[in-house]
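Participant: take this sequence and fold it.
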Amino acid sequence: MKKILFALALTVCAIATTQAQSKIGHVRSQVLLDTMPSRKAAIKEIKEIENAGLKELKDADSAIQAAYVAYQKNMGTMSETVRQYEENRIRRMQANLEERQQQIDQQLQMMTQEMNVVILNRVKKAVEIVANLKKFNYIIDESTTLFSAGGIDVTNEVIVELLKLEKTK
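Facilitator: Sure, this is the predicted structure:
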């Protein structure tokens, strides 16, 4: 019985010692992201593509509106066959517009995801470098922490490593 209690006390002391030696740091992830030139460039590129897509959709919508106005203007003089043809053509134009809008949305979403993966991997690598250099057991993000009464802010050190990684990309 004494051996079991001694082993249990020894285990508790070992765990307490290990926890006391844990070194915790924290970063402000939004500051990290805002510092990255590659993220700024990615946001700009996505915005440009989004604007080009919006212009394309706006032009297509204008063409549909013009076709509809012409159809309404000439509807009284059209034969039944021509009228049905024009109605079907306008419906196809509308369906093509909706399909293209979905394609553009999907492409933008895929591009955003791809760029985010690259950016977040670079941030993780910079955090890992700082954690290894400073011998941290944990580095947490301030924005997802409910309470913190300690730790060391390593945001600036991570920014330095992040900018080094940005130059070598």
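
Participant: show me how far stretch 156-168 is from its chain's centre.
Facilitator: 20 Å (C-alpha atoms, centre = their mean, to the nearest Å).

Participant: and stretch 102-115, what's buried?
Facilitator: Of all the residues in stretch 102-115, those buried under the rule 16 or more other C-beta atoms under 10 Å are 104, 115. The C-beta positions use only the backbone N, C-alpha and C, and glycine is treated the same way.

Participant: could you do stretch 136-148 as well?
Facilitator: Neighbour counts using 16+ other C-beta under 10 Å place 136, 139, 140 of stretch 136-148 among the buried residues.

Participant: of those, closest to residue 58?
Facilitator: Proximity of the buried residues of stretch 136-148 to residue 58, judged by C-beta to C-beta, is greatest for residue 140, which lies at 44.9 Å.

Participant: which residue is the nearest non-sequential neighbour of the closest one?
Facilitator: Nearest residue to residue 140, sequence neighbours excluded (C-beta to C-beta, 6 or more residues apart in numbering): residue 26, at 5.1 Å.

Participant: packing partners of the helix or strand hosting that neighbour?
Facilitator: Secondary structure assignment for residue 26, by DSSP states H and E: strand 24-27. Packing contacts for strand 24-27, counted by 3 or more C-beta pairs under 8 Å, 6 or more residues apart in numbering; DSSP states H and E, involve helix 80-134, strand 138-141, strand 152-153, helix 155-168.
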